[in-house]
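*Asks:* task: produce atomic coordinates for the following.
(one chain, ligands or ions: 2)
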Amino acid sequence: MGTRGLLSLVPACLLVASSLVASSPLLGVSPQDEKYFAVAGAVIACKDGSRTFSRDRLNDGYCDCLDGTDEPGTSACPQSKFYCRNIGDTPHFLFSSQVNDHICDCCDGSDEYDTGMNCPNTCLKDQNVSENRSGDHDAEATKMNNSDIQETKNRVDLDDLVQKLKGLKLLIMIQVGSAMCIMAFCLFYRCTRSRRRHYLRGINKPANSVVFAVL
Ligand SMILES: [Ca+2]
Ligand SMILES: [Ca+2]
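*Replies:* Ligands and ions are numbered 1, 2, ... in the order given. A predicted model of the protein is given here:
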């Protein structure tokens with residue numbers, strides 16, 4: 001038998017398990033309390049210590065204990081809690097008023113065992129929906145992480161571009177400053193040279209005039 005064949009047997013096994021639990025005298029009893037009733041003898045003590053009851057009064061529809069110890073599977077005691085096993089999904093407790101109230105509260109339908117209600121076992125279906133929601137949540141988280149990474153990368157690229165522009169601006173300022181210094185030096189050199197020429201011409205002019213006068 002293949003894997004698909006085995007998987008097709010799972011709902012049937014859950015249905016059989018649920019029906020066995022529904023017919024058990026420990027209906028509505030949590031696994032922890034099963035030990036309590038297992039170790040007890042023919043006479044069982046109420047958990048609040050108020051009194052005792054015989055085993056045949058367990059889930060007999062009559063409230064013997066004020067705390068509901070003897071009626072975990074019926075709505076006889078207001079204080080009792082019904083344990084949904086929900087095999088394949090998450091187990092949880094119900095108020096006793098929710099037992100046989102014509103509303104399917106447990107996903108395995110075990111709380112409506114005496115009303116003729118057709119409560120389909122949806123535990124596996126609910127579990128799949130929960131897993132799908134979890135998968136969607138993970139996918140959304142991954143998408144958000146990728147978006148954050150891309151945004152951080154863009155921010156780093158922008159900062160890098162700003163730093164490069166600042167460096168380029170500084171380089172341009174240095175080059176302009178250097179060009180201005182060279183131009184100023186050249187201008188100063190020309191002015192100095194021109195003044196020197198004028199000075200030398202001023203010295204040579206009187207001497208030539210004297211020579212011409214002598215001749
Ligand atoms: Ca009882
Ligand atoms: Ca119910």
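*Asks:* burial count for N59?
*Replies:* Close neighbours of N59, defined as other CB atoms under 10 Å, add up to 19. Every residue, glycine included, has its C-beta placed from N, CA and C.
*Asks:* same check on C63?
*Replies:* Using other CB under 10 Å, C63 has 21 other residues around it.
*Asks:* got phi/psi on it?
*Replies:* Main-chain dihedrals, C63, degrees, to the nearest 10: phi -80, psi 110.
*Asks:* residue contacts, it?
*Replies:* By CB atoms under 8 Å, 6 or more residues apart in numbering, the contact set of C63 is 70-71, 76-77, 80.
*Asks:* could you list which of those also contact ligand 2?
*Replies:* When contact is defined as CB under 5 Å from the ion, the contacts of C63 do not meet ligand 2 at all.
*Asks:* can I get those in CSV with pLDDT, neighbour count and distance to K153?
*Replies:* Shown next, in CSV, are those (pLDDT from 0 to 100; neighbours: other CB atoms under 10 Å; distance: CB to CB, whole Å):
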residue, pLDDT, neighbour count, distance to K153
D70, 94, 27, 67
E71, 95, 27, 64
A76, 96, 17, 66
C77, 96, 19, 64
S80, 95, 25, 60
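*Asks:* considering the residues you listed, which is situated nearest to ligand 1?
*Replies:* Nearest to ligand 1, judged by CB to the ion, of the contacts of C63 is D70 at 3.9 Å.
*Asks:* shouldn't that closest one be within a helix?
*Replies:* No. Going by DSSP: H, G, I helix; E, B strand; the rest coil, the assignment for D70 is coil, not a helix.
*Asks:* that one reaches G61, doesn't it?
*Replies:* No. Look at D70 against G61 with CB atoms under 8 Å: they stay out of range, at 10.2 Å.
*Asks:* which non-adjacent residue is nearest P120?
*Replies:* Distances taken as CB to CB, 6 or more residues apart in numbering place G109 nearest to P120, at 6.7 Å, with adjacent residues excluded.
*Asks:* I'd say that neighbour and C123 touch.
*Replies:* No. Using CB under 8 Å, G109 makes no contact with C123, being 9.2 Å away.
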